[in-house]
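>>> output the structure for:
(one chain, ligands or ions: 1)
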Amino acid sequence: MIIETYPNSKQTRGDSSFCMVKTDKGDMLCVKGSDMTLFEGEVITEENETYMLCPLTVGNSKVIRDLFEFARPVSHKGHAITIGLGDRLGLASVGHLRLLRDMDVFPVLAQQSIRELNLTGRTYEDVLAAVVWAVFREGYTKGYGADGDHLKTHEEVKYALDCGYTMITLDCSEHIRNDIVSAAQADVEAEYAKIPANVTSELEERYLNKSFPICDDITIEFSKEDLMRTVLIYLPAIAHAFSVYEELIKGKGIDFEVSIDETLSTTTPQAHFFVANELIRQGVEVSSIAPRFVGEFQKGIDYRGCVDEFEKDFLIHAKIADKFGYKLSVHSGSDKFSVFPIVGRLTGGRFHLKTAGTNWLEAVRVIAMRSPDFYRELHNFALENLEEARKYYHITCDLSKIADLDNVADIDLPSFLDEENARQVIHITYGLILQNEDNDGIKRLRNEIYDLLDKHEDDYIDVLVKHIGKHITSLGI
Ligand code: ZN
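Model (predicted):
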């Protein structure tokens, strides 16, 4: 039974018409006309009208992508500000679109890493399908991206591309030699000597006794020691990125981001310059690079570290990116309010920012607002399973700063989502919460989360508009 039609979802094509509807069985696509034959669903004839109610499956979303250009993900090339909006539940895109639809911001609505897929039990196809339905429902025609985030291997990149993803973030961390960072000089020299002499002599000719002007007052130079370490740490990562690019990315109009952020130490300006220069020299079209900035970018909480020091560090990275013409990409960008103004200003309003965890935390905020008992259950579950979750995510939180749940009144439960330590606990346990099964194999916590957010969808839209809106304002957009 149709309860209501989503007003912005109406489309026509030839003799066919389309809209999305809320029914007693959840949201559906309603199709009339000859295009009905393309979809899977139930044909309904009432009075003298025939239409088809189609469930929001991956298969039906692919037909929608085939029929309507605006429903397909596209490259973000040419857009100055691009924001990744990882949505682990597949319910946040409507809120994101309500906020961003009239802004000069290109949303990368689909954005998940393989780790997130594993922890949520979703596939790249599921993630994209959820976005397609949100885009169609909102009648959003300005274009959006789909990012296979933190992919490490050729196989993973191929999987995301086969699913229609338009951006690939290649995580080179497994090819970055962290052991070299603090290695003794003698070891560095020994390792360096193992690299074929023709390779090192070419590199030395390119980098030693040279200055690379980045802007008026910044010049990059390499001492022999800088170069040896940088080469040892990053050369395998560069080779990996080049190989993935040549084999899978080149000539396909894909936004290619190279991430060197998941390492143990901060990316030096020399390292950033070296990686970019080597990739670009070899013809790799890089759309963005994600260095590891100074300070700590922990998930779902504000920046930790000295903001002045961050500003100095970030300026150099931003200028290097400008010099080569790609964008600087800021990862773990949820809730970094104290550094957002710097990111917006020093990039001249040209950057990529990735958010993800904060969208999940806002979903939990709605649960805290609307279903106190269930929030209490999730909160306890998160605390009980924290050690397990810490295997996947690095956080430093102080459990003693989290208020005792029993002493907090129902009305004050959302305040846990304003406190950094509780945020981190709830942030990193999302996978365990969503995948938890009770004795008869039912994912009750997951089901209840989805039921509640469906019932309180307007609240979820409101909190997202407010919270992601705060990101936008801080970035100076
Ligand atoms: Zn990252």
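
>>> okay, CA-based contacts and neighbour counts for the rest of this
OK.

>>> which residue ranges make up the domains of this structure?
Residue ranges for each domain of the chain read 2-55, 69-178+210-357, 360-459, as given by automatic domain parsing.

>>> what is the mean pLDDT for the second one?
So that's domain 69-178+210-357. Per-region confidence: domain 69-178+210-357 scores 97 on mean pLDDT.

>>> so how far is the first residue of it from its last?
Across its full length, domain 69-178+210-357 reaches 29 Å end to end, with C-alpha to C-alpha, to the nearest Å as the criterion.

>>> quick one: Phe68 from Ala146, how far?
Phe68 sits 16 Å away from Ala146, taking C-alpha to C-alpha as the criterion.

>>> pick out whichever of the two has more residues nearby.
Ala146 (32 against 15; other C-alpha atoms under 10 Å).

>>> and the more buried one, its phi and psi?
phi -130, psi 120 (degrees, to the nearest 10).

>>> can you tell me which residues contact the nearest residue to it once chain neighbours are set aside?
Excluding the flanking residues, the one nearest Ala146 by C-alpha to C-alpha, 6 or more residues apart in numbering is Ala110, at 4.4 Å. Neighbouring residues of Ala110 by C-alpha atoms under 8 Å, 6 or more residues apart in numbering: Gly84, Leu85, Gly86, Asp87, Val127, Leu128, Val131, Gly145, Ala146, Asp147.

>>> could you do Val339 as well?
Shown in contact with Val339 (C-alpha under 8 Å, 6+ apart): Tyr303, Val307, Phe310, Glu311.

>>> and the gap between it and Val465?
Counting by C-alpha to C-alpha, the gap from Val339 to Val465 is 20 Å.

>>> repeat that for Arg72.
Here the criterion is C-alpha to C-alpha. By it, Arg72 lies 23 Å from Val465.

>>> show me which of these two is the more surrounded one.
Legend: neighbour count by other C-alpha under 10 Å for Arg72 and Val465, higher for Arg72 (24 against 20).

>>> that older thread, in TSV, list the domains of the chain along with distance to Gln185.
Compiled in TSV, the domains of the chain are given as follows (distance: least, C-alpha to C-alpha, whole Å):
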stretch	distance to Gln185
domain 2-55	63
domain 69-178+210-357	8
domain 360-459	30
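
>>> let me know which of the ones you listed is tucked in deepest.
domain 69-178+210-357 (a mean of 20; mean count of other C-alpha atoms under 10 Å).

>>> so for Lys470, which of the domains of the chain sits nearest?
domain 69-178+210-357 (8.3 Å; C-alpha to C-alpha).

>>> where do the helices sit along the stretch 351-477 of the chain?
Along the stretch 351-477 of the chain, counting by DSSP state H, counting those that start in this stretch, helices occupy 357-370, 372-384, 386-389, 420-428, 430-435, 444-455, 457-474.

>>> turn those into TSV, including distance to Ala183.
As requested, these are exported to TSV (distance: least, C-alpha to C-alpha, whole Å):
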stretch	distance to Ala183
helix 357-370	35
helix 372-384	38
helix 386-389	31
helix 420-428	32
helix 430-435	36
helix 444-455	46
helix 457-474	39
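
>>> for the ones you listed, which one sits closest to Gly344?
Set against Gly344 and scored by C-alpha to C-alpha, the helices of the stretch 351-477 of the chain come closest in helix 457-474, at 8.1 Å.

>>> how far does the closest one sit from the chain's center?
Taking the mean of its C-alpha atoms, helix 457-474 sits 17 Å from the chain's own mean (C-alpha atoms, centre = their mean, to the nearest Å).

>>> which residues touch it?
Looking at helix 457-474 with C-alpha under 8 Å, 6+ apart, the contacting residues turn out to be 92, 94-96, 98-99, 334-335, 337, 340-341, 359, 362-363, 366, 453.
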